[in-house]
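Q: output the structure for:
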Amino acid sequence: MTAPADVAIVGAGPVGLLTAVLLAGAGIDVVVRERRDSPAGIPRAIGIHPPGLAALDLARVGDAVRDAAAPIRGGVALCRGRVLGRVRFPDPVLSLPQHRTEALLEARLAALAPSALRRSRAVARLREAGDRVELELDDGDTIAARYVVAADGVRSTARRDLALGFAPRRGLADYVMADDVASEHSDAEAAIHLEPAGVVESFPMPGGVRRWVIRVPRDAAPAGRDAFSALLRERLGVRIPPRRLTEPSRFTARQHVSAGFARGRVALAGDAAHEISPIGGQGMNLGWADAVELAATILRALEAGAPAAPFAAYGRRRRRAAERAARRAAFNMAMGAPASGLSHVARDAAARLLAAPPARAALARVFTMHGL
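A: Numbers count the residues shown, from 1 in each chain. Predicted coordinates:
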């Protein structure tokens, strides 16, 4: 075992990478271990909200993100082709595929600490040992650090070893998504179609691409481009040739919040601490807010001589933020559920009310995650 690092980070997704960059940029000795041998290239999060962009600015990758991303300047709610309401965002949400944002963060980390990140290194278990935490890797190697940041996703090994529960929260729904790679929609507006059979959402992406997300019954997602194109035509009357679509991918939106965000010298961040529905675009940005506060907490703790349990305030504040985000996401999912009769009429009325003054300004701030 080598001399302990200041901080070990488990997971090299967007939250782990941002935490590593913020710490390395402050001169902290940081190591990152990631079980995957390469970044995930599958379609994932795309929305970078103003607080998330501010976090990326701290990591000095914000300008590169701005150059690469497509701006989303507002949103429109529709039903059966009728506009229910429009909201303009005070600051745009930026749209950029997650793997491209991760690549910018990884390049920044490599410039700051070339040997920090090691892939194909899964952490099998961890334990506190006096003034350090020891991490046993699946290849038999062991590393140690004064503090550990667990950003290893919803199946977090660290959360398991710390015996922290992962309690479900309201909100569960199934979706399928695909990208139109030659979209004829050139506007910078998100479209939310509150249809009787379930919501259909679409978002601009860089390079003339538009992402489509459709709520579907459990275990009834369309298989293949032809079926996805047919479902869009059935729900909205929108005709997109299957050849223009990427292969559809299905996902289930679930919500969980950890019973605790820290124990001793170990802190959870991102999906390891809170699984938030991607509907409404909160999960990744919430994790980046974790990273910013966590990095600041660690810097103060190291300056104070590396006390044994410095994360209590971090855990309280970020858990409250996660609970708020879960409630907002549950509302978003409820609004997008299939509806008929009076419930459909009531939903349309609620959408009109929320998109009208004075609620419109508050709604715009909620959707852009101001005050995160």
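Q: element containing the closest residue to Asp141 other than its chain neighbours?
A: In this structure, Asp141 finds its nearest non-sequential neighbour in Arg121, 7.8 Å apart by CB to CB, 6 or more residues apart in numbering. The way it works is simple: take the backbone N, C-alpha and C, and place the C-beta from them, glycine included. Under the criterion DSSP states H and E, no helix or strand holds Arg121.
Q: okay, now Arg121: neighbour count?
A: If you count neighbours by other CB atoms under 10 Å, Arg121 ends up with 21.
Q: what's it sitting at in phi/psi?
A: Arg121 adopts backbone torsions of phi -130, psi 90, taken as degrees, to the nearest 10.
Q: quick check: it vs Val32, distance?
A: As judged by CB to CB, to the nearest Å, Arg121 and Val32 stand 9 Å apart.
Q: what pLDDT does the model give Gly280?
A: As predicted, Gly280 sits at a pLDDT of 70.
Q: which residues of the protein score low on pLDDT?
A: 1-2, 41-43, 186, 359, 362-372 (pLDDT under 70).
Q: tell me how it divides into domains.
A: Under the assignment automatic domain parsing, the domains of the chain span 5-46+97-168+256-330, 73-91+173-253+339-367.
Q: returning to what we had before: can you verify my assumption that the residue nearest to Asp141 contacts Asp139?
A: Yes - using CB atoms under 8 Å, Arg121 is in contact with Asp139, at 7.0 Å.
Q: what touches both of the two?
A: Residues touching both Arg121 and Asp139 by CB atoms under 8 Å, 6 or more residues apart in numbering: none at all.
Q: from the chain's centre, how far out does stretch 52-63 sit?
A: Between the centre of stretch 52-63 and the centre of its chain there are 15 Å (CA atoms, centre = their mean, to the nearest Å).
Q: over to stretch 88-104?
A: Computed by CA atoms, centre = their mean, the chain-centroid distance of stretch 88-104 equals 11 Å.
Q: contacting residues around Gly224?
A: 242, 247-248.
Q: next one: it from Glu247, what distance?
A: For Gly224, the distance to Glu247 equals 7 Å [CB to CB].
Q: what do you get for Arg360?
A: Counting by CB to CB - Arg360 and Glu247 are separated by 37 Å.
Q: quick one: the strands in the stretch 101-250 of the chain?
A: Here the stretch 101-250 of the chain has its strands, by DSSP state E, counting those that start in this stretch, at 117-118, 123-129, 132-137, 142-150, 166-168, 173-180, 189-195, 198-205, 209-216, 249-253.
Q: dump the ones you listed to TSV, plus mean neighbour count and distance to Ala334.
A: Shown next, in TSV, are these (neighbours: other CB atoms under 10 Å; distance: least, CB to CB, whole Å):
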stretch	mean neighbour count	distance to Ala334
strand 117-118	17	40
strand 123-129	16	37
strand 132-137	20	40
strand 142-150	24	31
strand 166-168	13	16
strand 173-180	22	9
strand 189-195	21	11
strand 198-205	22	10
strand 209-216	22	11
strand 249-253	16	12
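Q: can you add distance to Met335 and give those back as a markdown table?
A: A markdown table is the format used below for the strands of the stretch 101-250 of the chain (distance: least, CB to CB, whole Å):
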| stretch | distance to Met335 |
| --- | --- |
| strand 117-118 | 40 |
| strand 123-129 | 39 |
| strand 132-137 | 42 |
| strand 142-150 | 33 |
| strand 166-168 | 20 |
| strand 173-180 | 11 |
| strand 189-195 | 7 |
| strand 198-205 | 7 |
| strand 209-216 | 11 |
| strand 249-253 | 13 |
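Q: Gly81: which of those is closest?
A: Smallest distance to Gly81 across the strands of the stretch 101-250 of the chain (CB to CB): 8.9 Å, for strand 189-195.
Q: strand partners of the closest one, parallel vs antiparallel please.
A: strand 70-79 (parallel), strand 198-205 (antiparallel) (DSSP bridges).
Q: how about JSON lines for those, with distance to Ala253 added?
A: Shown next, in JSON lines, are these (distance: least, CB to CB, whole Å):
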{"stretch": "strand 70-79", "distance to Ala253": "18"}
{"stretch": "strand 198-205", "distance to Ala253": "11"}
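Q: indicate which one of those is closest to Leu354.
A: strand 70-79 (8.2 Å).
Q: starting at the chain centroid, how far to the closest one?
A: Per CA atoms, centre = their mean, the centroid offset for strand 70-79 relative to its chain is 19 Å.
Q: grab the CA positions of it and hand them over as CSV.
A: This file holds the C-alpha atoms of strand 70-79, laid out as CSV (Å, rounded to 0.1, in the frame of the first residue of the first chain):
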residue,chain,number,x,y,z
ALA,A,70,-27.3,24.0,-27.8
PRO,A,71,-29.2,26.6,-25.7
ILE,A,72,-32.8,25.9,-24.6
ARG,A,73,-34.3,29.3,-24.0
GLY,A,74,-37.8,28.3,-22.9
GLY,A,75,-40.4,25.7,-23.0
VAL,A,76,-43.9,25.2,-24.4
ALA,A,77,-46.7,22.9,-23.1
LEU,A,78,-49.1,21.5,-25.7
CYS,A,79,-51.9,19.1,-25.9
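Q: following it, which helix or strand comes up?
A: Heading C-terminal from strand 70-79, the first helix or strand you meet, by DSSP H and E, is strand 82-95.
Q: which helices and strands sit right next to that following strand?
A: Packing partners of strand 82-95 (3 or more CB pairs under 8 Å, 6 or more residues apart in numbering; DSSP states H and E): strand 47-48, helix 50-58, strand 70-79, strand 198-205, helix 341-354, helix 359-367.
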